[in-house]
Every structure is written in structure tokens, then in C-alpha cells.
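*Asks:* I would like the atomic coordinates for the input below:
(2 chains)
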Protein chains: 2
Amino acid sequence: MAHKIGKQTIIIDSDVGILSSAAVGSKKEGEGPLGPDFDIISDDSRFSEKTWEKAESKMQELACWKALKKAGLEMSDMDFIFSGDLLNQCIASSFNARGSGIPYIGLYGACSTFAEGVGLSAVFADSFAKNCLAVASSHFCSAERQYRFPLEYGGQRPPSAQWTATAAGAAIVSRNACSPLIKAVTFGTVEDLGINDQNNMGAAMAPAAAATLSQFFKDTYTDPSDYDLVVTGDLGFVGSNLMLKLLEKEGFFFKNNYNDCGLMLYDREKQQVDSGASGCGCSASVLSGHILPKLRDGVLKSVLALSTGALMSPTSVQQGETIPGVAHLVCFSSEKGGIF
Amino acid sequence: MAHKIGKQTIIIDSDVGILSSAAVGSKKEGEGPLGPDFDIISDDSRFSEKTWEKAESKMQELACWKALKKAGLEMSDMDFIFSGDLLNQCIASSFNARGSGIPYIGLYGACSTFAEGVGLSAVFADSFAKNCLAVASSHFCSAERQYRFPLEYGGQRPPSAQWTATAAGAAIVSRNACSPLIKAVTFGTVEDLGINDQNNMGAAMAPAAAATLSQFFKDTYTDPSDYDLVVTGDLGFVGSNLMLKLLEKEGFFFKNNYNDCGLMLYDREKQQVDSGASGCGCSASVLSGHILPKLRDGVLKSVLALSTGALMSPTSVQQGETIPGVAHLVCFSSEKGGIF
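*Replies:* Predicted coordinates:
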């Protein structure tokens, strides 16, 4: 049975792992370096729907459908759905869950949602659930419309800006899975070092990522060298470097085993995404389509995966608030047996 | 250890219960029939803050502070905070969690959030957490501004409309609690019978409440007569009657042991709230301030408490979508020993 060690880390003792996962993206994601790793790419960013919001819900539906198909399971085999997105009132997720007939646990963690959902799924599967579905999504057009300007406005982007991924990822978290197994989960605290620039989300989230990672290392008496890869959600170029500096101050150093989903999804130069990718769909799709399969194949043996969220809204920014961040961590291993 | 029975119900086997709870409201809530049950009432609906959104966050903070004080605990004694609200990107919750230093698990379940948070807290406490804090809030003014019109517009309210409570509730869910204990949790499915009237949320949520209750009765082989009280979140007058009719069709009848937090919070006639109260803060405050203390004192021995949420957004309604609902259930008992 799961138990807590140190200040924040939950050790998952049963053989809980990822049965299957799937990633869905659109044209830009298909043209990026990870294009071949996506299960479904649609050049039509509306996914044959009338609105971008409905398209985002459709992406979640496709990701779930594909993950279920890979596992040879039906929706009715799932015990719970954990999902969330960036849209006001998380409509992409609730409209996807409608019609599933499966208990729905709605999450809001901004871009930290995927790790939050996988982490909660692991806790449930460790105790009483057989199969849980963790899903998250984002859509460039619905996010631009909601957070910034109408697309037609064509606002200038500063170099620290990130590009919201049009993507969804779904993973089936299951008891008695073979590989990859979930060994631990660390839910993060809300951190705020006073960033107030909506075009610099990476910097706003970096302290939260550093706090969660640092606490995980302390709780487990491990350090970066114990893992094949440590991957953050969507810190981008600016945020990743800040996080590394914050961790160096605490004595944690990386040797070519750190990356960020926001730096992996697109070719930053060719695809003009400035500091990198962002959105709930960024870490959801990169983990589901690229990292988890590498763990399953044994190419990677141990991975710490973090999704990172900026917990602001246009209203909070207009009211002069700074931008707090949160980061949740899931520790994956391709093999049975202890890491800690 | 928790186990699942039937299709959806989680039985909590350890002695997990409510250590303390607290309710915060404003002038209208103080003037209602449950006024004396609130721990903190502020006649200033801004709670000395500059905006209604910041006031809502302040209400969460006060509810947490009061619940902790009653239990003789500090925030640092909490292992996790589960919270959510109705504001875009759930800013009331994330800004309250900022500075707590406690792992934050953000939820979006619309007005079903409080039961969702208490239910997740019970799962965590049953397994590895000592103390979890479940919090939810709503604010009439921030909700009107976001969902409907500026307050100054003074729009006409149809009789099916409900009044968003300016209220917050917080409960500490703890292992080895004495009373009330949490015996079971049923997370609900997303139900949609095609209601598309934003001024008739009760009707939109009634099918979800009926589905969760009916499934719980089937899963546990119990019926309404086994409980002192079955209380829903914020169905109001219209929704409550619809839910009772839906349950009667399935053979479940109540004998004066059903009520709805949305019908309890205000005097519908004198306080002109039409169909009743609504908002995450409605069930959060009525449960925290009124129902849980009655269980603790043994006045009530067994209660099924549901929070009910309408999963729409202004955007989804504008795009012609109907309004899906979800309802989560927590089964409380004032005594040790089995109900099932």
C-alpha cells in the first residue's frame, strides 16, 4: 500500500503502471521533431468540429479512444477518468467525459494537469481501482482567444513567449501493469517569486518546478544522477534555465539528463515558437507519445516527469496579481524493484 | 484499506473522518435561517479586499484558518489541500493555497467541488495522509460578473434562477478521527438530459444527482430509509423536485429525510432567491457549518451528502451546447461500525 516519505512524496508500493498511452496533435505538432511519435495528427486544427473548443474536446476523445484501443480495452473497463484543461470551467474535459458513463474527477492544475491526473490515478490504482484514465489537452486557438487576443489581432510575441500546443495526451494507469511502473508521486506546493509578465510563464513556473524536484530528491535521498532523464512540462528555454539555476543553488546538478517537453515538441528556430511550447497538451502529449513508450521499450529506465502550471487568469493579472506556479512529479521506472 | 464495491462506490475502511470544519459567509448568508451556524460572517462582501475575486480567496483563507483553529492544528500539519471554485482558472483556490507551503491538488467540479475534495481527501487519508484540507468557495458578485452580467445591469431573474452563495467551507479530513466518520465515497458520472437554460441549473444537475444516488443505493444494497438525512448540494426547488421524481421512477422514495443545501441556506420567500441557493460555497458552507456539526453531536447519525455541479461555461452555452451535470457523494456516520 502507498506510503508517504519525507515531506511530500508518496511511494507507490503495488505494481501500478501505464498500460498504454496515446498522443493527438495538429499540423504544427506533426511537423515538429516529435511528429512521428504522435498517434493521431490532424492537419485540420478544428478536427471537423465547428469551434476550437469542441475540437479540443474531440482531441481528448481521440486520445482516450486510441489509448483504450492499444490496451485492448473499452471505456467501460475504466473505473475513473481524471482530466482537465485550460478552458474556462474546463469544458474540453467535462464534454469529453459526458457520455463515457465513467466517474469523472475534474481537475484544474493549468499545465500541471497531466502529472496531477496520472499521480491521482496511481494513488487510486494502488488502493482500489483497476484502471484509471488520465487525460489533458490544450488548443492554441482556444487558448489565444481566452487568454490573450483574437487570433486575427496578430499581436507581437516577445522572445520569452511560448506557443500553446494543440495537443492531447491520455494514459491508462493500471494495477498489475508491467512497464513503465509508477514508483512515486510528489504533488507540488504553490510557489510565487513575483513574476507578473503573462508572456513569461516559464519564469513564473520555474520556482515551482525547482521546489517539487528539490523536495523529491530530499524525500527520497536521491539526486539527478540517479535518473536517466528528468523532464519538466513546459518551462521553455527561459524557464528551464532558471529552474536549473535554482536547483544548482541547492546543490543539484544535471549531466545531460535534463530536458523540457516545451523544448522537445517544436523546432524552436524553424517553427518560430520563441521560448518553446506550453499548454496542458504539451507535457500530456510528449509524455504519452514519446517518453512513456521509451520507458516501455526499456530505452529509458528511470524518469522523473513533471508537469508545470501557471495558476493565473486574465482577471487575476488585470487585478495586479503576480503569477503563482505549481509542479507535480511522477517517478517512472521501466523495471520492477526499488529505486529508493 | 479502501475497496470498491459495485460499479462506483469506494468503501473507506479505516477510521477516516472530519476533525473539524468551518463556514464563512457574508450579509445575506448571515440573515438566512442558518446564519447562527456560520463561524464567520462579514457584512462587507469584499472582506476588506479590493476586488470580489480577492474577497473569495480571503473567504477560503478564513475558512481554513477557522477549521485549523478548531482542531488545534497549524497549516503545516496538513499533508494536502484539495480545493476549487467557480472562477476562471480557479484563482480563488490557487491564491489561497499560495503561501501555505502545502501540496495543492486543484479541482474543477463546478458546485460539486466540496464533495469531490472531501472524497479525494478520504481516499488519501485512508491510505497515507494524516490530515487533508478540503475547501470550496463561491461569491455572488464574482459569479454574476463572470457568468451573467455586470451587477449594475440588474437583469431580471426567472423563478428557476438560483442565487450564488457568497460563502466558503473548509473541512479537515483526518485518519483516526472520532466523528463524523466517512464510510463511503461515490464519484459521479457526467449526465446530460439536454437542458440548455443557464437560468435553470437545478434541472441540469438533477439527473446527475439522481444517477449518483441511485448507483450508491445499488452498490451498497441500501435505500433512502437507511439514512437519517440525504442532502444534495444546490439543486434548489426546481431541481430537487425533478431529482425526487427521477428517483421515484427507479423505486427510491424519501420520507421527510431529504433536503437540499440550496433550500436551506436562505429563506426563499423573504430573501428573494427564487429557486434557492447555488455555488460551490453553498454545499461547502451548509455541510461545514450545519450538517457536519450535527453529525459530530450525534443529532444526525447517518447522512448522505452530495455536491452537485453544472459543467457549463458561457462559451459552451454560446456555442449551443447543453448543460451537463455531475454529483459526488460522501456517506457520513456519527458512529464507528458498519452501515453496509
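
*Asks:* now the residue most central in space within chain A: how far from A:A171?
*Replies:* Nearest to the mean C-alpha position of chain A, by C-alpha atoms, centre = their mean, lies A:S283 at 3.3 Å. Between A:S283 and A:A171 the computed distance is 11 Å (C-beta to C-beta, to the nearest Å). C-beta: built from backbone N, CA, C; applies to glycine.

*Asks:* Ok, A:G236 next?
*Replies:* Applying C-beta to C-beta to A:G236 and A:A171 gives a distance of 23 Å.

*Asks:* on that earlier part again, please verify my assumption that the residue nearest to the centre of chain A contacts A:G109.
*Replies:* No: A:S283 lies out of contact with A:G109 (C-beta atoms under 8 Å); the separation is 10.9 Å.

*Asks:* Overlap of the contact sets of the two?
*Replies:* A:S307 (C-beta atoms under 8 Å, 6 or more residues apart in numbering or on different chains).

*Asks:* on that earlier part again, disregarding flanking residues, what is the spatial nearest neighbour of the residue nearest to the centre of chain A?
*Replies:* Nearest-residue entry for A:S283: A:G233, 3.6 Å, with adjacent residues in sequence omitted and distances by C-beta to C-beta, 6 or more residues apart in numbering or on different chains.

*Asks:* and that neighbour, what pLDDT?
*Replies:* On the pLDDT scale, A:G233 is placed at 98.

*Asks:* Same question for A:V317.
*Replies:* Looking at A:V317, the pLDDT reads 93.

*Asks:* Now do it against B:E144, distance only.
*Replies:* 21 Å.

*Asks:* One more: A:S93?
*Replies:* Distance from A:S93 to B:E144, by C-beta to C-beta: 25 Å.

*Asks:* between those two, which one's more packed in?
*Replies:* A:S93 (32 against 17; other C-beta atoms under 10 Å in any protein chain shown).

*Asks:* and that one, that one's in a helix?
*Replies:* Yes: note on A:S93: a helix contains this position according to DSSP: H, G, I helix; E, B strand; the rest coil.

*Asks:* That one and A:A143, how far apart?
*Replies:* Distance from A:S93 to A:A143, by C-beta to C-beta: 14 Å.

*Asks:* Quick one: list the elements packing against the host helix or strand of A:S20.
*Replies:* Using DSSP states H and E, A:S20 falls within strand A:16-26. Under the contact definition 3 or more C-beta pairs under 8 Å, 6 or more residues apart in numbering or on different chains; DSSP states H and E, strand A:16-26 sits against strand A:40-42, helix A:52-71, helix A:113-127, strand A:167-175, strand A:181-186, helix A:280-286, helix A:292-296.

*Asks:* Using CSV, write out the CA atom coordinates for that strand.
*Replies:* Taking Å, rounded to 0.1, in the frame of the first residue of the first chain, the C-alpha atoms of strand A:16-26 are listed here in CSV:
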residue,chain,number,x,y,z
VAL,A,16,0.9,0.3,-10.7
GLY,A,17,1.9,1.5,-14.1
ILE,A,18,1.0,2.7,-17.5
LEU,A,19,-0.9,0.1,-19.6
SER,A,20,-1.0,2.3,-22.7
SER,A,21,-0.9,5.9,-23.7
ALA,A,22,-1.7,8.0,-26.8
ALA,A,23,-1.0,11.4,-28.2
VAL,A,24,-3.0,13.6,-30.5
GLY,A,25,-1.8,16.7,-32.2
SER,A,26,-2.4,19.0,-35.2
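
*Asks:* ok, then the element right after that strand?
*Replies:* helix A:27-31.

*Asks:* which secondary structure elements does that next one contact?
*Replies:* Using 3+ C-beta pairs under 8 Å, 6+ apart: helix A:27-31 touches strand A:40-42.

*Asks:* And for the strand it packs on, what's in contact with it?
*Replies:* Against strand A:40-42 from outside (C-beta under 8 Å, 6+ apart): A:22-27, A:29-30, A:35, A:62-63, A:66.

*Asks:* Enumerate every residue touching the residue nearest to the centre of chain A.
*Replies:* A:111, A:114-115, A:136, A:169, A:232-234, A:261, A:305-308.

*Asks:* Let's see that with 6 Å instead.
*Replies:* Shown in contact with A:S283 (C-beta atoms under 6 Å, 6 or more residues apart in numbering or on different chains): A:114, A:233, A:261, A:307.

*Asks:* Could you do A:L295 as well?
*Replies:* Counting by C-beta under 6 Å, 6+ apart, A:L295 has contacts A:180, A:332, A:334.

*Asks:* what does chain A have sitting close to chain B?
*Replies:* A:1-4, A:8, A:10, A:51, A:53, A:88-91, A:94, A:97-98, A:101, A:103-106, A:108-109, A:127-128, A:187, A:189-190, A:192, A:311, A:313, A:315-316, A:319, A:324, A:326 (C-beta under 6 Å from any C-beta of the partner chain).

*Asks:* which among the residues you listed end up buried?
*Replies:* Buried subset of these (neighbour count, 16 or more other C-beta atoms under 10 Å in any protein chain shown): A:2, A:4, A:8, A:10, A:51, A:53, A:88-91, A:94, A:97-98, A:101, A:103-106, A:108-109, A:127-128, A:187, A:189-190, A:192, A:311, A:313, A:315-316, A:324, A:326.

*Asks:* domains in chain A, as residue ranges please.
*Replies:* With domains defined by automatic domain parsing, chain A comprises A:3-175, A:181-333.

*Asks:* can you list those domains in CSV and add distance to B:S240?
*Replies:* What follows is the domains of chain A, written out as CSV (distance: least, C-beta to C-beta, whole Å):
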stretch, distance to B:S240
domain A:3-175, 22
domain A:181-333, 32
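
*Asks:* on that earlier part again, ok, the contacts of strand A:40-42 vs B:K70, which is closest?
*Replies:* In terms of C-beta to C-beta, no member of those lies closer to B:K70 than A:A63, at 44.0 Å.

*Asks:* before we move on, back to that, for B:V273, find the nearest of the domains of chain A.
*Replies:* domain A:3-175 (22.6 Å).

*Asks:* Pull up the distance across the closest one, start to finish.
*Replies:* 16 Å (C-alpha to C-alpha, to the nearest Å).

*Asks:* same check, this time on stretch A:190-198
*Replies:* 17 Å.

*Asks:* same check, this time on stretch A:1-14
*Replies:* Start-to-end, stretch A:1-14 (C-alpha to C-alpha) is 6 Å.

*Asks:* residue contacts, the closest residue to A:I182 other than its chain neighbours?
*Replies:* Among residues not flanking A:I182 along the chain, A:A122 sits closest, at 4.4 Å (C-beta to C-beta, 6+ apart). A:A122 sits next to A:12, A:16, A:173, A:182, A:185 when contact means C-beta under 6 Å, 6+ apart.
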